[in-house]
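1. I'd like to go over a predicted model; first the sequence, then the structure.
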There are 2 protein chains.
Amino acid sequence: MFSKTCEYAIRAIIFIAQTAVNGKKVSIKAIAKGIGSPEHFIAKILQELGKKGLLQSAKGPHGGFYIDEETFSKSIGDVVMAIDGDKLFVDCALGLSFCSEANPCPMHHRYVSIKKDITQMLHQTKLLEFKNNPDAGRLSNILNTPNNLCKAKI
Amino acid sequence: MFSKTCEYAIRAIIFIAQTAVNGKKVSIKAIAKGIGSPEHFIAKILQELGKKGLLQSAKGPHGGFYIDEETFSKSIGDVVMAIDGDKLFVDCALGLSFCSEANPCPMHHRYVSIKKDITQMLHQTKLLEFKNNPDAGRLSNILNTPNNLCKAKI
DNA sequence: AAAATAAAAGACAAAAAGGTCTTTTATTTA
DNA sequence: TAAATAAAAGACCTTTTTGTCTTTTATTTT
């Protein structure tokens, strides 16, 4: 469905939305640990997301990544677009460039409705939902304790 | 959604279902042309599909690939399983190995219903449908003329 | 101003996916 | 039985994806 890079990107942005609250910022190290990703790899991905305006960052002590008020209106679909592009939303299931409603491939009609559902789901899911629901779902094998300190492994 | 290899596999098996009728067989060359794939690459894929029992083949003059009566009951989902494995049907959207109904990731509940729809669609689509409906949809830029000879490029 | 902190940038490496080419094996037809 | 045909097998190459490491830049705190 998504590339590995995109999976990490989505995990990271959800983690930041849930964690970097009340003016706090969250470091690459904390993100990598919090979502179970390679540290240097997620760093590069976060850089890209920053360039595309899907999150903000600050250097120096107490710096890190966060999401500003405006950016919370972005969706998971926007993250997917930024990393994997629009192929999930527009491409033919069989990879045929000419396939369209007017000139459909044998799978076209079956696939369009699924593609529509995926598109809707991803674009309806806004980052704000995760901020307002910080305990909805796990992102790694590291337990989130109530006071936001990551402590134990399962 | 699918790997390129899997896209070619699905295109090929649909092409064979539509083309290798009345005891006819269809050659690698004809398949590659008919679905717009690299000849040697699709050869390797067809070999794999043969081993997994998703099509039959015969060597020598007038040999080629075909689908026997029993195999027509297989589905596109079976082809996907044979090439890409079950990850599309069972994996977490965010690639989290521990994610489950009991221990869901933040996207889990949104994603399960889509995953169910994809699974259903792919497993409901049987190869027989394409045999009985040989003109439903295009597979390449090569026109299928009524008498089954591929002639012109668009 | 110096030291410490943390992201930005970019070079590099490993693994996987995608694709090509040649040789071998099996079958059929002349 | 020899020649022709076509798939099977496998070696090899290229590109993309994934991941690592080091250096640089910006910011803050002491």
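-> Arrived safely. Numbers count the residues shown, from 1 in each chain, chains lettered A, B, ... in the order given.

2. sec struct for A:F65, please.
-> Under DSSP: H, G, I helix; E, B strand; the rest coil, the three-state class of A:F65 is strand.

3. in the sheet, who's paired with it?
-> With DSSP bridges applied, the residues forming beta bridges to A:F65 are A:V26, A:S57.

4. Roughly how far does it sit from DNA strand D?
-> 14 Å (Cβ to the nearest atom of the strand, to the nearest Å). C-beta: built from backbone N, CA, C; applies to glycine.

5. likewise A:G36?
-> With distances taken as Cβ to the nearest atom of the strand, A:G36 is found 11 Å from DNA strand D.

6. next one: A:S73
-> 25 Å.

7. out of everything not next to it in sequence, what's closest to A:L49?
-> Leaving aside its sequence neighbours, A:L49 sits nearest to A:L55 (Cβ to Cβ, 6 or more residues apart in numbering or on different chains; 5.2 Å).

8. was I right about the one you found contacting A:I13?
-> Yes - with contact defined as Cβ atoms under 8 Å, A:L55 counts as touching A:I13 (6.3 Å).

9. Looking at the two, which is more packed in?
-> A:I13 (27 against 22; other Cβ atoms under 10 Å in any protein chain shown).

10. which ones are touching the more buried one?
-> The contact partners of A:I13, taken as Cβ atoms under 8 Å, 6 or more residues apart in numbering or on different chains, are A:L49, A:L54, A:L55, A:I67, A:I76, A:V79, A:L127.

11. what are the phi and psi values for A:K116?
-> Here is the backbone geometry of A:K116 (degrees, to the nearest 10): phi -60, psi -40.

12. can you list the residues of chain A near DNA strand C?
-> Residues of chain A that fall close to DNA strand C, judged by Cβ under 7 Å from any atom of the strand: A:25-29, A:40, A:43-44, A:46-47, A:50-51, A:57-65.

13. Quick one: buried ones out of those residues?
-> Buried members of the residues of chain A next to DNA strand C, counted by 16 or more other Cβ atoms under 10 Å in any protein chain shown: A:K25, A:V26, A:I28, A:L46, A:S57, A:G64, A:F65.

14. Retrieve the pLDDT associated with A:K115.
-> Looking at A:K115, its pLDDT stands at 98.

15. And for the one 4 residues further on?
-> On the pLDDT scale, A:T119 is placed at 98.

16. wait, does the helix or strand hosting it make contact with chain B?
-> Assigned by DSSP states H and E, A:T119 belongs to helix A:108-124. Yes - judged by Cβ under 8 Å from any Cβ of the partner chain, helix A:108-124 and chain B are in contact via A:H108, A:R110, A:Y111, A:I114, A:D117, A:I118, A:M121.

17. out of these, who's nearest B:G95?
-> Closest approach between the residues of helix A:108-124 next to chain B and B:G95, by Cβ to Cβ: A:I118, at 16.4 Å.
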